[in-house]
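1. Provided below for reference: sequence and predicted model.
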Amino acid sequence: MREPSRREPITIPAEALVLLVGPAGAGKTTFAARHFAASVILSSDAFRERLSGDARDQRISEEAFRALHLAADERLRSGQLTVIDATNVLFASRAALIDLAAAWERPAVAIVLDTPLDQCLAWNSERPGRMVPAWVVRRQHRLMRRSMGHLDREGFAAVHVLAGIDSLAALVVTVG
């Protein structure tokens, strides 16, 4: 596992599955929008909103993730870049998606947004209409930090950890 320097871009294979990993408020959605075309991003919040009209509706999460996985399966089957914008802090969540990529012989790449907890809480509190309870953000942050030591053994072709706010702003991602 390595952290890219400001001068070292992350290169993502064009047919890869990319899992953004980080708690609510870590900057995953902003990062995805900055570095990837909207057409390749599958967002758990967007699937919740499509199904219930409310991105915060956790009661619909099981159906939302089922739909997200079906969409990811379709994209990976046809060799399209697929970026998953969800917390992905739980092993089981990552494993199911890694298995999808493996089924279609596509590389899986993890990009961990290791944003400091205080910044996650601050950014989360500024999210219009989508604020997650602070205790949930703290729990997700702990789960992410625990998982970082073994991500490279989960079947990812590459794991990139972006530590701190400066890494998020300065990084260049290329697809190819």
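-> Sure, I can see it. These figures come from a predicted structure and were not determined experimentally. Residues are numbered from 1 along each chain as shown.
2. how far does the helix or strand harbouring L70 sit from the chain's center?
-> Under the criterion of DSSP states H and E, L70 resides in helix 61-77. Offset of helix 61-77 from its chain centre (Cα atoms, centre = their mean, to the nearest Å): 14 Å.
3. and it, what other elements does it pack with?
-> Other helices and strands packing on helix 61-77, by 3 or more Cβ pairs under 8 Å, 6 or more residues apart in numbering; DSSP states H and E, are strand 41-43, helix 44-52, strand 82-85, helix 91-103. In this view, the C-beta of every residue, glycine as well, is placed from N, C-alpha and C.
4. Pick the most buried one from these.
-> Here the criterion is mean neighbour count by mean count of other Cβ atoms under 10 Å, and of the helices and strands packed on helix 61-77 the winner is strand 82-85, at a mean of 26.
5. Check which helices and strands the helix or strand containing V159 is in contact with.
-> Secondary structure assignment for V159, by DSSP H and E: strand 158-163. Contacts of strand 158-163 with other secondary structure elements, assessed using 3+ Cβ pairs under 8 Å, 6+ apart, are made with strand 108-114.
6. CA atoms of the strand it packs on as CSV?
-> Taking C-alpha atoms only, strand 108-114 is exported to CSV below (Å, rounded to 0.1, in the frame of the first residue of the first chain):
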residue,chain,number,x,y,z
ALA,A,108,-10.2,-3.8,-8.5
VAL,A,109,-8.5,-0.7,-7.2
ALA,A,110,-9.1,0.9,-3.7
ILE,A,111,-8.7,4.6,-3.2
VAL,A,112,-8.8,5.3,0.6
LEU,A,113,-9.6,8.8,1.6
ASP,A,114,-7.9,8.9,4.9
